[in-house]
Structures are given as structure tokens and as C-alpha cells.
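> The following block contains a protein sequence and its predicted model.
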Amino acid sequence: MSTASDDLFHLTTPRRAAVLGSPIAHSLSPLLHNAGYAAAGIDSQWSYGRVERTGEGLSGFLEGLGQEVRGLSVTMPAKFAALECADCVSDVARTVGAANTLVRDGSGWFATNTDVAGVRGAIEELWSGAEGEASRDVEGSRVVVIGGGGTVRPVLYSLGNDFGVAEVDVINRSDKSDDLRDVVEAAGLRMRFHTFDELWSDAPGLSQDQQGLAELVRGAALVVSTVPSVALQGMEQALAQAPVFDVIYDPWPTPLVLAARAAGWAAVGGHAMLAHQAFEQFELFTGVDAPRVAMRAALDHHLGTAE
């Protein structure tokens with residue numbers, strides 16, 4: 001059954017793509033991809049819409065799509081079903097345990113995960129903006145990662161495989177170490193898991209230096225947060241002991257990013273990850289180089305994140 005968000009079925013171009021998930025009305029993927037089609041001069045051939053679907057019944061839905069639909073950007077809660085429904089799965093998607101991208105491959109569907117490319121691009125962007133450096137060598141370093149949800153898996157995969165990070169201290173409300181062990185091993189990382197209760201107390205009279213959180217972060221090459229800003233309320237100063245990649249981008253800048261920059265550290269937000277994962281999807285769908293500047297400009301204009 002179609003919904004008001006299913007504008008995929010109203011598109012008329014010869015080749016089409018869409019973002020699939022639920023809820024989907026808020027997705028910025030159509031903005032990014034359609035800006036790319038226009039900038040690349042292929043908007044008469046390509047268009048991008050939305051389709052409201054959960055993972056339930058996804059296999060039958062895919063079978064019913066016409067050949068004009070060449071790709072799907074998959075968001076929650078359909079990422080796990082997309083992995084199971086695909087005819088062919090990339091190694092990265094299999095390791096991460098979810099697929100955010102389905103590409104029509106002959107008569108079937110190829111599943112991969114471009115969130116890893118998004119993480120990689122955001123961190124590279126962070127270093128490129130740090131004191132004019134083109135890159136920063138974090139090989140063999142230690143990184144602090146906050147959160148235990150689905151976004152943590154591509155973060156861990158990229159830290160180990162793209163940047164050669166050696167150790168991660170993962171902090172979460174509850175112990176998710178067993179859930180993350182497979183991707184940690186695939187990334188070649190050594191992981192120590194901590195709960196917030198071990199590192200932070202709301203008891204009055206404790207200074208930041210009396211909290212274990214600041215001590216843990218001090219000396220890390222990078223802090224990556226994958227949790228909503230409200231989950232870190234009051235902890236921002238303790239975490240602002242290293243460069244920051246905060247996957248949250250709305251509202252922007254986040255309190256954690258503000259604290260890091262006030263302390264003299266470089267910081268980047270999740271809008272960078274969103275853009276870089278879309279660049280790779282664009283190229284997988286169309287076979288055309290993504291017009292990155294135009295796509296990023298459209299996103300930054302919409303979000304007010306241009307800096």
C-alpha cells in the first residue's frame with residue numbers, strides 16, 4: 001500500500017532511485033541526490049524520491065519494482081531486511097551487519113553499506129580542517145567512541161580498516177561488548193567497554209577532574225559520539241579533551257561540538273557523514289562521478305551548516 005511519502009511511484013524519468021524506510025518524510029537523501037543529478041546534467045534521465053516501507057515484506061516489494069528503479073537508499077528499520085533480501089552482499093555490509101544501499105545488479109539486487117564511506121569522509125574532513133593539515137596520522141592510536149547502537153558498527157569498522165586505529169574505549173549506558181565483538185575483530189581493534197555509571201556521577205561537589213570520564217578521554221586521538229546530545233548533557237566539558245566527530249547534526253552546532261571548539265579542538269558533525277555516504281551511493285546508482293561540491297552546498301544551505 002502506498003502512502004503520501006511514496007513519491008517514487010510518481011516519478012517519470014527513465015531511471016529512478018529512492019530512499020526507503022519509515023518514517024521517511026524527513027529524509028534529506030532526495031535533496032542530496034536530486035541536487036547531484038542537476039549538477040551532473042543527468043536530471044532529465046534520473047530522479048530520486050521516497051518510499052515509506054518497513055523491512056516487513058521487503059523481498060516481495062523489491063521483486064515488484066520495475067527495471068527503471070536502479071537503486072534504493074535504505075534507512076531504519078529496513079537496513080537488516082535489506083541485507084537478508086539481497087541477491088549479493090558486499091563484505092563490508094556483511095561485517096557491519098546492515099545494508100543502507102541496494103543497487104540493481106542485472107536481474108537482482110546488490111547490498112552494501114556506504115555508512116562506512118560516510119564515517120571515513122567525515123573523519124578525513126575533520127583532519128583537513130584542523131590547523132590547515134591535509135591529514136593526520138592516527139594509525140596505532142586510541143579513540144573514544146560513545147554509544148552502542150547501529151551507527152557504532154560502521155564507525156568501528158572505519159576506524160580500524162581505514163585509519164589503522166589500534167584501540168577503542170567504547171562508552172554506553174549498558175554493556176554492548178558482546179554485540180560489537182565481531183565488528184571489532186574484523187576491524188583489528190582492541191576494545192575496552194565502559195558504562196557511563198563507571199565514569200560519571202551527577203553527585204554534587206565533584207569537579208570535572210574528579211570524574212573518570214575526563215581522564216579516559218585525555219590523550220585520545222579522537223572522540224566519536226553516536227548518541228543524541230541530551231544523553232551527554234553536563235558531560236560536554238569532560239569529553240572536550242580531543243578532536244570530536246559528533247554524528248548528530250540537528251540542531252547544529254551541538255553542545256559537544258561547541259565545547260570542543262571552545263577548548264581549541266577541531267570538530268565535525270553528522271552532516272559530513274550524511275554527505276559522504278550519499279556521494280558513494282550516487283556513484284553506485286548512476287555510474288557517474290558525484291558532483292560533491294554541489295551536493296554538499298545543497299545540504300549545507302538546507303541545514304545552515306556552511307562554515
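Now that the structure is in, tell me what you want to look at.
> Which single helix of this protein contains the most residues?
Ranked by number of residues, the top helix in the chain under DSSP state H is helix 270-286.
> In it, which residues are buried?
270-282, 284-286 (16 or more other CB atoms under 10 Å). From N, CA and C alone the C-beta is placed, and that goes for glycine too.
> Residue 237: which of those is nearest?
Nearest to residue 237 among these, counting by CB to CB, is residue 270 at 21.1 Å.
> If I follow the layout properly, that closest one ends up in contact with residue 247?
Yes. Residue 270 lies in contact with residue 247 (CB atoms under 8 Å); the separation is 3.9 Å.
> quick one, strands of this structure?
Assigned by DSSP state E, the chain shows strands spanning 15-21, 46-52, 69-74, 88-89, 101-105, 108-112, 142-146, 167-172, 190-195, 222-225, 244-246, 267-269.
> For the residue lying closest to residue 118 once chain neighbours are set aside, list the residues it contacts.
In this structure, residue 118 finds its nearest non-sequential neighbour in residue 277, 3.2 Å apart by CB to CB, 6 or more residues apart in numbering. For residue 277, the contacting residues are 100, 114, 115, 117, 118, 121, by CB atoms under 8 Å, 6 or more residues apart in numbering.
> separation between residue 277 and residue 241?
28 Å (CB to CB, to the nearest Å).
> and if you look at residue 290?
Residue 290 is 35 Å from residue 241, by CB to CB.
> thinking again about what came up before, now the longest helix of the chain - C-alpha only, CSV.
C-alpha atoms of helix 270-286 as CSV (Å, rounded to 0.1, in the frame of the first residue of the first chain):
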residue,chain,number,x,y,z
GLY,A,270,27.0,14.2,11.1
HIS,A,271,26.0,16.2,8.1
ALA,A,272,29.5,15.4,6.8
MET,A,273,28.8,11.7,7.2
LEU,A,274,25.4,12.1,5.5
ALA,A,275,27.0,13.8,2.5
HIS,A,276,29.9,11.4,2.1
GLN,A,277,27.7,8.3,2.3
ALA,A,278,25.4,9.8,-0.4
PHE,A,279,28.4,10.5,-2.7
GLU,A,280,29.2,6.8,-2.8
GLN,A,281,25.5,5.9,-3.3
PHE,A,282,25.2,8.4,-6.1
GLU,A,283,28.1,6.8,-8.0
LEU,A,284,26.9,3.2,-7.3
PHE,A,285,23.4,4.1,-8.7
THR,A,286,24.4,6.2,-11.7
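> so that helix versus strand 15-21, what angle?
140 degrees (axes from the mean of the first three to the mean of the last three CA atoms, to 10 degrees).
> Could you give the average pLDDT over helix 270-286?
In this model, helix 270-286 has an average pLDDT of 97.
> Could you point out which residue ranges in the protein have low pLDDT?
Within the chain, the segments meeting pLDDT under 70 span 1-5, 129-136, 202-211.
> and it, what are its domains?
7-113+272-303, 117-265 (automatic domain parsing).
> and the last one, how far apart are its ends?
In other words, domain 117-265. Using CA to CA, to the nearest Å, the gap from the first to the last residue of domain 117-265 comes to 23 Å.
> chain center to that domain, what's the gap?
14 Å (CA atoms, centre = their mean, to the nearest Å).
> which outside residues touch stretch 184-194?
Contacts to stretch 184-194, defined as CB under 8 Å, 6+ apart, come from residues 95, 156-161, 165-172, 175-177, 180-181, 216.
> Can you give me the distance of residue 159 to residue 223?
Distance from residue 159 to residue 223, by CB to CB: 12 Å.
> quick one: residue 236 and residue 217, what's the gap?
11 Å.
> and what of residue 116?
Residue 116 is 24 Å from residue 217, by CB to CB.
> who's more crowded, those two?
The residue with more neighbours, out of residue 116 and residue 217, is residue 116; 26 against 23, by other CB atoms under 10 Å.
> hang on, isn't the more buried one packed against residue 94?
No. If you go by CB under 8 Å, residue 116 and residue 94 don't touch, sitting 12.0 Å apart.
> Tell me the bridge partners for the closest residue to residue 87 other than its chain neighbours.
In space, and not counting its chain neighbours, residue 87 is closest to residue 108: 3.1 Å by CB to CB, 6+ apart. Residues in a beta bridge with residue 108, per DSSP bridges, are residue 105.
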